[in-house]
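Trainee: pasted the sequence and its predicted model underneath.
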Amino acid sequence: MCAVLVGGLDRLYQEYIETAKSLGVALKVFSGKERSIRKQLGEADVLILCTNRVSHSARREVVRCAEAKQIPVQMIHSAGVSALKDCIAK
């Protein structure tokens, strides 16, 4: 399974990837500040959006892109590793 995380904390980048890997998920992480995430999404199975770390306009762009590619979106408010782990477990 491949997931994409948009938002989150830059200092937790490596921990996000290691946590997802321990759960059997390949994870791409974007800070939400990138100009064009659409081209970089690839063939993700799920998109996880940290709503407290991303601007409203970036959230709208990511959701529109996910809908166009028919990728399910999970929104979490917390940017912590445990919130990511809970989201992946579901």
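Mentor: Ah, there it is. Given the structure is predicted, the values throughout are model-derived calculations rather than measurements.
Trainee: point out where the protein drops to low pLDDT.
Mentor: 32, 34-35 (pLDDT under 70).
Trainee: which residues in it form helices?
Mentor: Taking DSSP state H as the criterion, the chain contains helices spanning 13-22, 56-68, 81-89.
Trainee: right, and these - which one's nearest Ser31?
Mentor: helix 13-22 (8.4 Å; C-beta to C-beta). C-beta: built from backbone N, CA, C; applies to glycine.
Trainee: what is that closest one packed up against?
Mentor: Packing partners of helix 13-22 (3 or more C-beta pairs under 8 Å, 6 or more residues apart in numbering; DSSP states H and E): strand 26-30, helix 81-89.
Trainee: need the winner for burial among these.
Mentor: The highest mean neighbour count among those, using mean count of other C-beta atoms under 10 Å, belongs to strand 26-30: a mean of 18.
Trainee: give me the sheet partners of that strand and which way each runs.
Mentor: strand 2-6 (parallel) (DSSP bridges).
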